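Student: A predicted structure for the sequence below; I have some questions about it.
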Amino acid sequence: MNKILAIFVLVIVNASALAGDFTLDPVTLSIPSGFGAPIQQQQYGATIVGFSKPRTDSRANTLLQISLYDFGPQLAGLKDSERATAAVKYLLDFVGGVERRRANFKRTEPTPLILSGAPAAKLQWTGLLEGSETVGVMYCFIVGTKVISFHTQDLGSSPTAAMNEAISAFEAVKLGKKD
């Protein structure tokens, strides 16, 4: 998963602008204009879908990523309070992968929120990747047996306009079947 994040950010994707709904069951996101066609991969039991928006000032792209892990029966039937606690745990696990690839890594404490009725957690991070400042915002929540992570990242020390578009899409997520 970690290698994929770096590839999405550092590789220029020559794709036409995509605007519209994208569904990875059980989530549907309205992908902001300018984010290219999705790249989907299966890795470590996860389905990872990334969209990128080219920057005009560098070779890097802004990333909008959806990661979905199906943990099966072990997550079935969790109460909202248990899903909220688990969302924080998984969020910290996922951001740990980002931290291992960054120097001078810093992150905020997870903030609880609700995404389309589901308890979730969110945090922001900064760090150096190959000498360049990078910033990211990551979310995590559980729907039925699935752990879902949203991630946006870019160059810089604070969220960019393109990242804010991704954040708005994340916070307006629509949930389908909740098992």
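Tutor: Arrived safely, thanks for sending.

Student: what strand or helix carries the residue of the chain most remote from its centre?
Tutor: The C-alpha centroid of the chain is most remote from Gly77, which lies 24.3 Å away (CA atoms, centre = their mean). Under DSSP states H and E, no helix or strand contains Gly77.

Student: same check on the one 4 residues further on?
Tutor: Remark: Ser81 resides in helix 80-99, with elements defined by DSSP H and E.

Student: which other residues reach that helix?
Tutor: For helix 80-99, contacts defined as CB atoms under 8 Å, 6 or more residues apart in numbering pick out 1-2, 5, 67, 75, 78, 105, 107, 110, 112, 118-123, 125, 127, 136, 138-142, 147, 149, 151, 153. Every C-beta, even on glycine, is put in place using the N, C-alpha and C of the backbone.

Student: are any of those residues buried, and which?
Tutor: 1, 5, 67, 75, 78, 105, 107, 110, 118-123, 125, 127, 136, 138-142, 147, 149, 151, 153 (16 or more other CB atoms under 10 Å).

Student: please name every helix or strand in contact with the helix or strand hosting Ile148.
Tutor: Here Ile148, judged by DSSP H and E, is contained in strand 146-155. If you count contacts as 3 or more CB pairs under 8 Å, 6 or more residues apart in numbering; DSSP states H and E, strand 146-155 packs onto helix 2-10, strand 61-70, helix 80-99, strand 132-143, helix 161-171.
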